[in-house]
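Colleague: Fold the following, please.
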Amino acid sequence: MAQPFAKKDDDRDEEAEYSPFLGIEKGAVLQEARVFHDPQLDPRRCSQVITKLLYLLNQGETFTKIEATEVFFAVTKLFQSRDIGLRRMVYLMIKEISPSSDEVIMVTSSLMKDMTSRTDVYRANAIRVLCRITDGTLLAQIERYLKQAIVDKNPVVASAALVSGIHILQTNPEIVKRWSNEVQEAVQSRAALVQFHALALLHQIRQNDRLAVSKLVTSLTRGTVRSPLAQCQLVRYASQVIRESANNFQTGERPFYDYLESCLRHKAEMVILEAARAITELSGVTNRELTPAITVLQLFLSSSKPVLRFAAVRTLNKVAMTHPMAVTNCNIDMESLISDQNRSIATLAITTLLKTGNESSVDRLMKQITNFMSDIADEFKIVVVEAIRSLCMKFPLKYRSLMNFLSNILREEGGFEYKKAIVDSIVILIRDIQEAKEIGLLHLCEFIEDCEFTYLSTQILHFLGIEGPKTSDPGKFIRYIYNRVHLENATVRACAVSTLAKFGAMVDSLKPRILVLLRRCLLDSDDEVRDRATLYLNSLGGDGSVVETDNDVKGFLFGSLDIPLVNLETSLRNYEPSDQPFDITSVPKEIKAQPLAEKKAPGKKPIGLGAPPTAPSAAVDAYDRLLSSIPEFASYGKLFKSSAPVELTEAETEYAVNVVKHIFDHHVVFQYNCTNTIPEQLLENVTVVVDASEAEEFSEVASKPLKSLPCDSPGQTFVAFEKPDGVPAVGKFSNVLKFVVKEVDPASGEAEEDGVEDEYQLEDLEVVAADYMQKVGVSNFRNAWESMDPECERVDEYGLGPRESLTEAVNAVINLLGMQPCEGTEAVPSNSRSHTCLLSGVFIGNVKVLVRLSFGISGQNDVAMKLAVRSEDENVSNTIHEIVAG
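Modeller: Numbering: from 1, shown residues only. Predicted coordinates for the structure are as follows:
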């Protein structure tokens, strides 16, 4: 497969050398365009010049206003030629150059004349060009001609008018909607393309009216559509109606399912495939409904046409993800496709068999795949590797043969992405299948002996440092690791030193040998390697005695970095000019993107504390400094978390107010950021009266009014509430802004002495459970999970009810808990029926929390969830479950 690609590239290079457009320049072509002014036009020469101009435009070349105008007027002179080929080039040029409204008038009469010409080619092209370059005013003038064209006997003219209508619908829908009668007449046309385009336009006209679309599909499914293209389009519209009406048909009967099934017996292959695909993609489809579609797809598997075999096996491959048992009847036919000349078909057949095969067929499939792998490109190999990984998770007892297969192809030639897919698969199998750990680690060790990719070598060494010390004989891995110190580049050598140190920390019997090896690394040519060796020697104790490694050292070597790197970087930058020792506990742990960047309406200045700080840690520090400087709140202790601003007013109102929730151990402080947008008013004694009747666990203890609020000068007023200790108290607060209004003289800027008391109703504010959780990620979730005390783990199952999709359910739980997704697990693969999501965070009181969520969705879209929580405090684990259950 690689050779033809290379050959194709060679051919392209040769074509480029002899390209007629090679080296053409805009200036030279514009000079050539003067031939358009010749009294005796040469159609062939003019067509060549227009071709060059079109080439330049499509290559991204821009013409100035003057150049475009000159070219446009020159091209309009070519209307005097009666050469059909040249006239078509003129149409193309006018469409591409997109003349302005002033210039369009110059060609309108010529185009309208062509539109009523007896030459059908002129008529069709003139319609396309006119509809492309004219505005709504001119369209109204030519609407009568367009309506006539839609029902024209010539299918080329009718199709041109219909396609133009589809484009006009985007800009002037009111004009096109008046053509419904003509378009409905065109739907009955015997010309295949006319019927196809008419149906597409009619659907777009009615697409916002669900009932009208349903009536359209109902009327057309009774047998009036003859065109296979239109029939395919109708199948798609029918399946769309089925999807939209799914919630209204709970009895199990689907509207239009009988129509889809009847299309499986259509004489056109494209219609059969479209209907089969539509049936397989129905939400909650049953095996009984799938059977007829699977049967016709099975017949296509033995077709002589490669495109039919490809379409059938690709559809079956998708079905196998959700209904593997329904596809098992096709396994014999798919096995014959493994040797298909088309490698795409063979790859899809293999991966489908891997999804549908049973445990007894695994060994036979592995033999067939071994011969097959050498003939396909890397992108197909990656698909096969991922399918094998899924198969091993399905049949864990077959791990030995599958692991051997992965190790064999790992030693063969291949690119980075291919090798990475294999390594990732082996790593997943090691983590999830305990028996595969040692054999898998040895395969990875053998691979890094000859690995040419630095990234993969470092990833494997890191993984080896985590899993290797837990095996029955960790000493056998030391040779492979130390070889990297001598034979690799500096990056891999540094990683190998860290891995050696982890073995020394976890396996006390190996520590003396590890210390000897680390001392040898002190002579390395790279400073990073030497620094790591020095650090680890001091951490492990350089005297070589066999003593148990201190838990703090193990935590240092194996513990995850629970501080966001951007926060650490900011703190280190602030530390550089300082004389004080660096304290890592002072680095903020919460991931926060510009928390002081209050939203603002157009034309309004920022409100709150001014310009947003550049780093999250600076934002937290700014809030902390502000609150500690206010005597009423100085005794509340260290600020745990500040929320993002919540808008309490609509945009473009006279007063703009948002609120930031500051969470302390025993208190919650609401900071109301206010802006007065009325120049003729000065607000004084600004306060927010908060009604906490729907937040029974909170009691107001302090407030700080704002003395003065001039126009466009942001200010803050505060209200503090006391809450129970250690409880994530929640509630709703209603807010009323109260103030004294004083009129301001526009000339002098002075405010009147007397004012009027006024108030302004604000939106309600809620304190939710997520406000008590900081988003703090972990670099290695598995290690962090295992380092937590299992005694503090709490597990339970919950039903989340009907949901639109698994993605919606995952996002809902993440937002409810307010935790940080780890390792990209917040993304749910398409068509997935189950998913695992990993979350981490710090609960109020600085308690680390880890959550493992396992979701599953049924055919009726009911979602079930298993929630496992580990934390440093079992009460917090119980609290997380209470939040979800509540």
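
Colleague: Now do the helices in the stretch 651-800 of the chain.
Modeller: If DSSP state H, counting those that start in this stretch is used as the criterion, the helices of the stretch 651-800 of the chain fall at 781-787.

Colleague: ok, now the stretch 401-550 of the chain?
Modeller: Counting by DSSP H, counting those that start in this stretch, the helices of the stretch 401-550 of the chain are 416-432, 437-448, 454-467, 478-487, 490-506, 511-521, 527-540.

Colleague: Could you check the pLDDT of the closest residue in space to Val660 that isn't next to it in sequence?
Modeller: Leaving aside its chain neighbours, Val660 sits nearest to Gln671 (4.5 Å; criterion: C-beta to C-beta, 6 or more residues apart in numbering). Using the backbone N, CA and C atoms, a C-beta is placed for each residue, glycine as well. On pLDDT, Gln671 comes in at 93.

Colleague: Ser100 now?
Modeller: Value listed for Ser100 in the pLDDT field: 70.

Colleague: same question, Gln580
Modeller: 77.

Colleague: What separation is there between it and Lys367?
Modeller: In this view, Gln580 and Lys367 are 67 Å apart by C-beta to C-beta, to the nearest Å.

Colleague: circling back: tell me which of the helices of the stretch 401-550 of the chain sits most buried.
Modeller: Across the helices of the stretch 401-550 of the chain, the average number of neighbours (mean count of other C-beta atoms under 10 Å) peaks for helix 490-506, which reaches a mean of 23.

Colleague: Specify the angle between that helix and helix 511-521 in degrees.
Modeller: With axes from the mean of the first three to the mean of the last three C-alpha atoms, to 10 degrees defining the directions, helix 490-506 sits at 160 degrees from helix 511-521.

Colleague: which regions of the stretch 201-350 of the chain sit below the pLDDT cut-off?
Modeller: Residues of the stretch 201-350 of the chain meeting the criterion pLDDT under 70: 246-255.

Colleague: Could you rerun that using 50?
Modeller: 249-252 (pLDDT under 50).

Colleague: before we move on, back to that, more neighbours: which of Gln580 and Lys367?
Modeller: Lys367 (11 against 7; other C-beta atoms under 10 Å).

Colleague: Would you mind putting the helices of the stretch 401-550 of the chain into CSV with mean pLDDT alongside?
Modeller: CSV is the format used below for the helices of the stretch 401-550 of the chain (pLDDT from 0 to 100):
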stretch, mean pLDDT
helix 416-432, 88
helix 437-448, 90
helix 454-467, 91
helix 478-487, 89
helix 490-506, 91
helix 511-521, 90
helix 527-540, 89
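
Colleague: For these, give me JSON lines that also has distance to Phe310.
Modeller: Shown next, in JSON lines, are those (distance: least, C-beta to C-beta, whole Å):
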{"stretch": "helix 416-432", "distance to Phe310": "22"}
{"stretch": "helix 437-448", "distance to Phe310": "34"}
{"stretch": "helix 454-467", "distance to Phe310": "33"}
{"stretch": "helix 478-487", "distance to Phe310": "44"}
{"stretch": "helix 490-506", "distance to Phe310": "42"}
{"stretch": "helix 511-521", "distance to Phe310": "55"}
{"stretch": "helix 527-540", "distance to Phe310": "51"}
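
Colleague: Tell me how many other residues crowd Glu763.
Modeller: 14.

Colleague: For it, give me its contacts.
Modeller: The contact partners of Glu763, by C-beta atoms under 8 Å, 6 or more residues apart in numbering, come to 647-649, 735.

Colleague: Quick check: the closest residue to Pro728 other than its chain neighbours vs Pro564, distance?
Modeller: Closest residue in space to Pro728, ignoring its immediate chain neighbours: Tyr772 at 4.3 Å, by C-beta to C-beta, 6+ apart. From Tyr772 across to Pro564, the span is 19 Å (C-beta to C-beta).

Colleague: So these two - more neighbours on which side?
Modeller: Neighbour comparison, Tyr772 and Pro564: the larger count goes to Tyr772, with 25 against 21 (by other C-beta under 10 Å).

Colleague: Next, the contact list for the more buried one, please.
Modeller: Contacts of Tyr772 by C-beta under 8 Å, 6+ apart are 640-641, 663, 728, 818, 843-844.

Colleague: Please identify which of these is nearest to Val768.
Modeller: Among the contacts of Tyr772, Gly818 lies closest to Val768 (C-beta to C-beta), at 7.8 Å.

Colleague: okay, now the closest one: neighbour count?
Modeller: Applying other C-beta under 10 Å, we find 20 residues neighbouring Gly818.

Colleague: Equivalent analysis for Lys470, please.
Modeller: 13.

Colleague: can you pull the contacts of it?
Modeller: So Lys470 contacts 437, 506 (C-beta under 8 Å, 6+ apart).

Colleague: Which pLDDT does the model give it?
Modeller: On pLDDT, Lys470 comes in at 87.

Colleague: what about it, distance to Gln141?
Modeller: Look at Lys470 and Gln141: by C-beta to C-beta, they are 82 Å apart.

Colleague: coming back round to it: so which of the contacts of Glu763 sit within strands?
Modeller: The strands, defined by DSSP state E, take in 647, 735 from these.

Colleague: mind putting the contacts of Glu763 in CSV, distance to Thr675 included?
Modeller: Output for the contacts of Glu763, formatted as CSV (distance: C-beta to C-beta, whole Å):
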residue, distance to Thr675
Glu647, 12
Leu648, 12
Thr649, 9
Asn735, 16
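
Colleague: List the buried residues for stretch 374-386?
Modeller: The neighbour-count check on stretch 374-386 (16 or more other C-beta atoms under 10 Å) flags 376-378, 380-386 as buried.

Colleague: correct me, but Tyr91 touches Val129?
Modeller: Yes: contact criterion C-beta atoms under 8 Å: Tyr91 and Val129 qualify, at 5.0 Å.

Colleague: Can you pull the poorly scored residue ranges out of this protein?
Modeller: For the chain, the stretches flagged by pLDDT under 50 are 1-16, 249-252, 546, 592-618.

Colleague: and the residue lying closest to Gln681 once chain neighbours are set aside, what does it touch?
Modeller: Nearest residue to Gln681 in three dimensions, chain neighbours excluded: Val741, at 5.6 Å (C-beta to C-beta, 6+ apart). Contact analysis of Val741 by C-beta under 8 Å, 6+ apart lists 681-683, 755-758.

Colleague: Can I take it that Ala864 is in a helix?
Modeller: No: with DSSP: H, G, I helix; E, B strand; the rest coil as the criterion, Ala864 is strand rather than part of a helix.

Colleague: Run a quick neighbour tally on it.
Modeller: Going by other C-beta under 10 Å, the residues that sit close to Ala864 add up to 16.

Colleague: repeat for Ile345
Modeller: With other C-beta under 10 Å as criterion, Ile345 counts 22.

Colleague: before we move on, back to that, of the contacts of Tyr772, which is the most crowded?
Modeller: Busiest of the contacts of Tyr772 [other C-beta under 10 Å] is Phe843, holding 26 neighbours.

Colleague: quick one: that one and Val851, what's the gap?
Modeller: Counting by C-beta to C-beta - Phe843 and Val851 are separated by 11 Å.

Colleague: And Glu185, by the same measure?
Modeller: For Glu185 relative to Val851 (C-beta to C-beta), the value is 61 Å.

Colleague: Can you pick out the residue with more neighbours from those two?
Modeller: Set Glu185 next to Val851 and count neighbours by other C-beta under 10 Å: Val851 wins out with 24 against 13.

Colleague: Name the SS class of the more buried one, please.
Modeller: strand.

Colleague: Contacts only, for it.
Modeller: Shown in contact with Val851 (C-beta under 8 Å, 6+ apart): 817, 819, 838-841, 867-869, 880.

Colleague: Show me the beta-bridge partners of it.
Modeller: Bridge pairing for Val851 (DSSP bridges) gives the partners Leu839, Val869.

Colleague: That's all I had, so thanks and see you.
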